[in-house]
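Engineer: Take this sequence and fold it.
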Amino acid sequence: MLNGKRIAVVMPAYNAEKTLRTTVEEIPDLVDMRILVDDNSDDGTGEIAAELGEKAAREGGAPLTVVKGRPRPEGWAGKVWAMAQGWAEATGRGAAPAGPAPDYVLFTDADIESAPHALRDLVRGAQADDRALVSQMALLRAETRWERVIVPAFVYFFAQLYPFRKVNDPRSGTAAAAGGCMLVSRAALLAAGGLEPIKGALIDDVALGTLLKRHGNRTWLGLTTDIRSVRPYPSLASLWHMIARSAYVQLRYNPLLLAGTIAGLLLVYIAPPAGAIAALVAVTAGAGGALAVSAGIAGLAGWALMTVSYLPMLRLYRLSPLRAPGLPLIAVLYTAMTADSARRHYSGRAVSWRGRAADRA
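Structural biologist: Next up is the predicted model:
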């Protein structure tokens, strides 16, 4: 038990043989149950999971229950179906005999590593402010050249789309969560209908946050360095796919929202430096009057403001502040990725989770 509360950890795993040993064994022994859902992996995930389960039974500590994933029913998204099977096991609706029901269920991923105290801090946060959902965005891997370019900006733009201050404000309708770390009150989720109301959600974390907040619950989302994702994105193509697979989903497949988002990216992040550079060229060529100078100053001011706003994210990822002025160039990439996400949707290309196709909601 943690802080007097029973805790279950649910970890969906698909083709996670490279990370599974570390991430499972890092779950604190103080939790009451660990549930690993092998979502029909075709690598060594199942064998490693069985070995870890036997080790847990042999050595004591928190038991590890391995759930073999069942075929996905029509209408369910892949990850949500895996989560639902773990949820059923944790709450006594699975095939195995259930012990006392947990007070909280932590949904996490098979590529998430945590500091020893991280789960205790989550439980304390949930109890301190009576929150039905406490979620922290894992520190994503930023080791390769493209990861260092794209990953901090990905988190930055996510926070622009779902401002954490509004997510954490019970009076605001903005809701979100981070799928790698979601501590959920069992009672609150049961009262909201469990996971079935979001069964078709391709962005499960935002959907779960929205479901709980819609039912009058308090939620919280924040950043952390105590919880880390070790999932690699070694190339621009892999990062592009990560973003393009969900960008149009976040816009609810709405062409008007797509147009507004692209226009907003161009106006907010690209127009200021473009205007400043155009004004500088005009003045240098002797063709710039007062209007060009004013436009250039306005462009520089906008560019400076976005640069300053990006610095905390670079600091979080321990990257040089000299990267901050390049945010407009990254915004160009994100604009292209967002447009490509819509193109994929209309061309019928499947959305995938962990490299596997999933039905659209």
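
Engineer: Tell me which residue lies farthest from the centre of this structure.
Structural biologist: What lies farthest from the middle of the chain is G286; by Cα atoms, centre = their mean that is 49.6 Å.

Engineer: Surely that one is within a strand?
Structural biologist: No: according to DSSP: H, G, I helix; E, B strand; the rest coil, G286 belongs to no strand; its state is coil.

Engineer: Okay, A13 and D205: tell me how far apart.
Structural biologist: Here A13 is placed at a distance of 17 Å from D205 (Cβ to Cβ, to the nearest Å). In short, each C-beta sits where N, CA and C put it, glycine included.

Engineer: between the two, which one's more packed in?
Structural biologist: Set side by side, A13 and D205 show more neighbours around A13, with 28 against 24, by other Cβ atoms under 10 Å.

Engineer: mind listing what the residue nearest to the more buried one when sequence neighbours are not counted touches?
Structural biologist: Take A13 and drop its neighbours on the chain: the residue closest to it by Cβ to Cβ, 6 or more residues apart in numbering is A110, 3.9 Å away. A110 sits next to M11, P12, A13, Y14, A16, T19, L20, T23, V24, L36, T45 when contact means Cβ atoms under 8 Å, 6 or more residues apart in numbering.

Engineer: helix, strand or coil for the first one?
Structural biologist: Yep, that's M11 we're talking about. Under three-state DSSP, the three-state class of M11 is strand.

Engineer: Who does it form a beta bridge with?
Structural biologist: In this entry, M11 is beta-bridged to L36, by DSSP bridges.

Engineer: Verify the stated contact: it with I35.
Structural biologist: Yes: counting by Cβ atoms under 8 Å, I35 is a contact partner of M11 at 7.0 Å.

Engineer: Those two: which is more packed in?
Structural biologist: M11 (26 against 23).

Engineer: after the longest strand anywhere in the chain comes which helix or strand?
Structural biologist: In the chain, taking DSSP state E as the definition, the longest strand is strand 219-229. For strand 219-229, the succeeding helix or strand toward the C-terminus, using DSSP states H and E, is helix 236-250.

Engineer: can you count the residues close to the closest residue to I198 other than its chain neighbours?
Structural biologist: Spatially, and ignoring its direct neighbours in sequence, I198 is nearest to A207 (4.0 Å; Cβ to Cβ, 6+ apart). Using other Cβ under 10 Å, A207 is surrounded by 24 other residues.

Engineer: now E196
Structural biologist: The tally of other residues near E196 (other Cβ under 10 Å) stands at 13.

Engineer: could you say what helices and strands the longest strand of the chain packs with?
Structural biologist: Judged by 3 or more Cβ pairs under 8 Å, 6 or more residues apart in numbering; DSSP states H and E, strand 219-229 is in contact with strand 112-114, helix 118-128, strand 133-139, helix 164-167, helix 204-214.

Engineer: Can you tell me which of these is packed in deepest?
Structural biologist: Across the helices and strands packed on strand 219-229, the average number of neighbours (mean count of other Cβ atoms under 10 Å) peaks for strand 133-139, which reaches a mean of 26.

Engineer: follow-up on the earlier one: shared neighbours, M11 and I35?
Structural biologist: Counting by Cβ under 8 Å, 6+ apart, the common neighbours of M11 and I35 are G86.

Engineer: for this structure, what's the longest helix?
Structural biologist: Counting residues, the longest helix found in the chain (DSSP state H) is helix 290-316.

Engineer: Next secondary structure element downstream of that helix?
Structural biologist: Counting by DSSP H and E, the element after helix 290-316 in chain order, helix or strand, is helix 327-347.

Engineer: and the angle from that following helix to helix 290-316?
Structural biologist: 80 degrees (axes from the mean of the first three to the mean of the last three Cα atoms, to 10 degrees).

Engineer: Give me the distance between helix 327-347 and the centre of its chain.
Structural biologist: 18 Å (Cα atoms, centre = their mean, to the nearest Å).

Engineer: what packs against it?
Structural biologist: Where contact means 3+ Cβ pairs under 8 Å, 6+ apart, helix 327-347 is packed against helix 145-161, helix 236-250, helix 255-265, helix 271-284, helix 290-316.

Engineer: Apply 6 Å and report the result again.
Structural biologist: Packing partners of helix 327-347 (3 or more Cβ pairs under 6 Å, 6 or more residues apart in numbering; DSSP states H and E): helix 236-250, helix 255-265.
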